[in-house]
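[1] Fold the stuff below for me.
(2 chains)
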2 protein chains.
Amino acid sequence: MDLLAKRTQRLLGSVIDSSTSLVQRQRHDVIRFAVGSPAAEAIPTAIFDELAPKAFTADAFDYAATDGDRQLRAALLELLSRTSEATTGERLTITTGGMQGLDLFGKLFIEHGDLVVIESPTYTNCTATALSYGAELLEVSTDGDGMIIDELEAAVERAGRAPKAIYVIPTFQNPAGTTMSLERRLRLIGLARRWNSMIIDDDPYGMLRFQGQEIPNIRALADADPLVYAVRTFSKIIAPGLRVGWVDTDPEIHQWLINARQSMDTCTNLPNQRLVAAFLSAGYLDDHLQLQRERYRERKIAMQSALAEHFGSRASWTDPDGGFYLWVTLPGVDTQALFPVALTEGVAYIPGPAFSPSGRFPDALRLCFASMPPDRIREGIARLRRAVDQLP
Amino acid sequence: MDLLAKRTQRLLGSVIDSSTSLVQRQRHDVIRFAVGSPAAEAIPTAIFDELAPKAFTADAFDYAATDGDRQLRAALLELLSRTSEATTGERLTITTGGMQGLDLFGKLFIEHGDLVVIESPTYTNCTATALSYGAELLEVSTDGDGMIIDELEAAVERAGRAPKAIYVIPTFQNPAGTTMSLERRLRLIGLARRWNSMIIDDDPYGMLRFQGQEIPNIRALADADPLVYAVRTFSKIIAPGLRVGWVDTDPEIHQWLINARQSMDTCTNLPNQRLVAAFLSAGYLDDHLQLQRERYRERKIAMQSALAEHFGSRASWTDPDGGFYLWVTLPGVDTQALFPVALTEGVAYIPGPAFSPSGRFPDALRLCFASMPPDRIREGIARLRRAVDQLP
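    As a prediction, this is how the structure comes out:
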């Protein structure tokens, strides 16, 4: 179709996570380590059923205010006031999931040819968003302490121009599971200020810490610097299907976000905003999170134990203090070639190259330990080993 | 903030409907003719309460398939099969309201500097979307039969280049309430084919016809030509807060839409998709629409009668066969200057210039007759007259 312009080619040529859709079409008994969904048993449907009649009044089905429903905004501000994320209404925009927070950043800030720094590996769909706005991506390696700041400095020097933005998932990173150290967070803020670069501080998992000491977030460390654009979501801590997240930004940017939203999806769906507001106001979140943390810690250990049992020294994996993911390296194994074999064995994951626009990490893969109970995790890792053994 | 790039300036400088947000912040007893919302009493909350426990299973809170939940897709295909909108699954994408269907068009097709033809007046937020992707807009006047095709031909000839897209709301147009004649629809399709231009066929109100004969839609008349991109929504026929709509396109474009969505908001919220699916599958829509049509016809007549009573020959207004809006012209009255006075009197509307990027229609305004019961409509028009009388 000759109408198809460069913009579309960028989208089609980008690092879209097609393996996810492929898995969605597989037979029912595939053990799904691919999609980053909370456990089905972690969805508080009984509480939702209890809250729904009160939450779903007729006015809950009208258009919502563009920056978010007043009830949800109030409940969220109260929740955050008890954390290091404390903020104010003039900085808060409710979004259609965290993903829209990332898309909005691109819409407001990324011009064709702008340099955007990303962690390598990183979250596929943010890369795709940046590319769809014409960004040129600069991959910077990570280690157990997050993005390697020395490499960042060197890479930007080589590029010969300042990045428009630096995209990081500082805590329980997706896909690596690692957490950026305090020292690196501070250095990152310093560099962003020197370069006048925005920091996209994406933190979907921060409330799901099950071990270790909390590290102050970049938003707080930067003292509400307008350069920090913080993206948050209820997708991992309550439920992704709600499509409710938020962005915490400088008040001036907040106003631009409102304008931009009106020509994107008008507003975030209101019934789910009311449901989340009721959930928070009734005080359910603390207990809910405590349960999830215990659940995910147990599952992470089950997955690590199963990996040790079935792979021993043939593989290595990360040890996150929270979140959803293990990043597994299988030296000598092509995880893209492994993928269809694994599906046939009945286990799904995302191959490493999906997390790098230049296709790094051919021998790595991401496993989500959150969605499956321990016995399924053990069975899934056994299947993964059987798949590896079938490779030539 | 010096980070702010051209893109943002375009957004800020665009024709954002700020009057809507202003009204949202007014005191409770303002009679709201501004926002295009269904009547509160038209929201089937009792049915939703009945359906919710069955619809809201744990899996209803997970990520949805990017092109839409299977249950909703099946129910919608069945619904459409009984109408002139009959289509197939490979053409159908569930979107986050109709607005996202328009935004997706921009993301896929509009390059900086592309010419996009719009009706004058037209729906503000589509204009804003097109501008946010860098479109140059070409306004073509409308009359009682919709866009004036002779003027379209002349305008494109003057522009010296073919438009990338022609945006029309052919049925019960927003804001004018008029319906494009069959002859003009056919001529429009012919021109689009000659120019190789896309037609954005936006039809949120088509199922809300309360009088007159149905006119075949452009999608059907063009025989599924890939040039026609059809945007639809449940916002006006069920409830806008759900944020559930759909796009009907060529199957190849459908695939691009799936890719684009993954880096915008991932998917449409699933609980509301399941709620709509249950609503359709249980067969509630037909009776629901019949009730709404009767309700809106009665309200339109009430508004027209009140206008005749309070304004007589000092105003003129349209006579739509369906939908939500009257387009009122008050010769000699500056409706933007009138707006704050009207708010003080306790009535809200949208001034005419909000519907034209070049600020046409200074003496016109849009009234939504759908949201308020007849007695409030009569009171609102009386207040409007009192506001007009206060102008110098």
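[2] Could you tell me which ranges of chain A sit under the pLDDT cut-off?
    For chain A, applying pLDDT under 70 flags the ranges A:1-28.
[3] State which helix of chain A is the longest.
    helix A:285-311 (DSSP state H).
[4] can you pull the buried residues of that one?
    The neighbour-count check on helix A:285-311 (16 or more other C-beta atoms under 10 Å in any protein chain shown) flags A:285, A:288, A:292-293, A:295-297, A:299-300, A:302-304, A:306-307, A:310-311 as buried. Any C-beta I mention is one placed from the backbone N, CA and C, and that applies to glycine too.
[5] ok, now stretch A:352-371?
    A:352-357, A:361, A:363-371.
[6] Stretch A:251-259 now?
    A:Ile253, A:His254, A:Trp256, A:Leu257, A:Ile258, A:Asn259.
[7] ok, and does it reach over to chain B?
    Yes: using C-beta under 8 Å from any C-beta of the partner chain, stretch A:251-259 reaches chain B at A:Glu252, A:Ile253, A:Trp256, A:Ile258, A:Asn259.
[8] The last one looks like it's in a helix, true?
    Yes: looking at A:Asn259 with DSSP: H, G, I helix; E, B strand; the rest coil, it is inside a helix.
[9] Doesn't A:Ala230 belong to a helix?
    No: assigned with three-state DSSP, A:Ala230 falls outside any helix and is strand.
[10] I figured it hits A:Asp250, correct?
    No: taking C-beta atoms under 8 Å as the definition, A:Ala230 is not a contact partner of A:Asp250, at 10.3 Å.
[11] Show me which of these two is the more surrounded one.
    A:Ala230 (23 against 17; other C-beta atoms under 10 Å in any protein chain shown).
[12] now the closest residue to the more buried one other than its chain neighbours: how far from A:Tyr325?
    With sequence-adjacent residues excluded and distances taken as C-beta to C-beta, 6 or more residues apart in numbering or on different chains, A:Ala230 is closest to A:Asp248, at 4.1 Å. From A:Asp248 across to A:Tyr325, the span is 24 Å (C-beta to C-beta, to the nearest Å).
[13] Same question for A:Val140.
    Applying C-beta to C-beta to A:Val140 and A:Tyr325 gives a distance of 19 Å.
[14] Can you name the residues that contact the closest residue to A:Tyr296 other than its chain neighbours?
    Distances taken as C-beta to C-beta, 6+ apart place A:Ala370 nearest to A:Tyr296, at 5.4 Å, with adjacent residues excluded. A:Ala370 is in contact with A:Gly36, A:Ser37, A:Pro38, A:Ala39, A:Ala42, A:Lys236, A:Tyr296, A:Arg299, A:Phe324, counting by C-beta atoms under 8 Å, 6 or more residues apart in numbering or on different chains.
[15] ok, 10 Å please
    Taking C-beta atoms under 10 Å, 6 or more residues apart in numbering or on different chains, we find A:Ala370 in contact with A:33, A:35-39, A:42, A:205, A:208, A:236, A:292, A:295-296, A:299-300, A:303, A:323-325.
[16] Also A:Pro320?
    Here A:Pro320 is in contact with A:171-173, A:176-179, A:205, A:208-212, A:296-297, A:300, A:326-327, A:369 (C-beta under 10 Å, 6+ apart).
[17] show me where the stretch 101-250 of chain A has strands.
    A:115-120, A:136-143, A:146-147, A:165-168, A:198-202, A:228-233, A:245-248 (DSSP state E, counting those that start in this stretch).
[18] Which one of A:Val140 and A:Tyr325 is surrounded by more residues?
    When A:Val140 and A:Tyr325 are compared for neighbours, A:Tyr325 comes out ahead with 25 against 22, by other C-beta under 10 Å.
[19] Quickly list what the more buried one is bridged to.
    A:Cys368 (DSSP bridges).
[20] Get me the contact residues on the stretch 101-250 of chain A for chain B.
    By C-beta under 10 Å from any C-beta of the partner chain, the residues of the stretch 101-250 of chain A that approach chain B are A:101-104, A:106-112, A:114, A:124-134, A:164-165, A:196-198, A:226-227, A:235, A:238-245, A:250.
[21] Mind doing that once more with 8 Å?
    So far as C-beta under 8 Å from any C-beta goes, the stretch 101-250 of chain A lies against chain B at A:102-103, A:107-112, A:125-126, A:128-129, A:131-132, A:164, A:196, A:198, A:226-227, A:239-244, A:250.
[22] In ChimeraX, how would I select just the buried ones from these?
    To isolate the buried subset of these in ChimeraX, counting by 16+ other C-beta under 10 Å, use the following:
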select /A:102,103,107,108,109,110,125,126,128,129,131,132,164,198,227,239,240,241,242,243,244,250
